[in-house]
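Participant: how would this look folded up:
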Amino acid sequence: MLWPMIAVTLGFLGVAVLAILAVRVFVEVRRLARQVGETSRRIQRAAADLERAATPLAARGRGKE
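Facilitator: Predicted coordinates:
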């Protein structure tokens, strides 16, 4: 009777550890997703700034051909 109880206890502890790790992974994935979203917005903003800065230069360059 002792060994089955030990097996059940170890099984429960194993599932509990996996649940804790799953929650930690979930939290980290959400944090990473927020960082990726913010970085994507910053890249889009930088691309728009670059396009605005390049437009006058491109217009001047076309006139010299």
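Participant: For I6, give its distance to L18.
Facilitator: I6 sits 19 Å away from L18, going by C-beta to C-beta, to the nearest Å. Using the backbone N, CA and C atoms, a C-beta is placed for each residue, glycine as well.
Participant: same thing with A54?
Facilitator: 52 Å.
Participant: again, but for P56
Facilitator: P56 is 59 Å from L18, where distance means C-beta to C-beta.
Participant: Count the residues that sit near R52.
Facilitator: 9 (other C-beta atoms under 10 Å).
Participant: Next: A58.
Facilitator: For A58, using other C-beta under 10 Å, the count is 9.
Participant: check contacts around it.
Facilitator: Under the criterion of C-beta atoms under 8 Å, 6 or more residues apart in numbering, A58 has no neighbours.
Participant: got the residue ranges for the helices in this structure?
Facilitator: 2-63 (DSSP state H).
Participant: which stretches of the chain have low pLDDT?
Facilitator: Where the chain drops to pLDDT under 70, the residues are 63-65.
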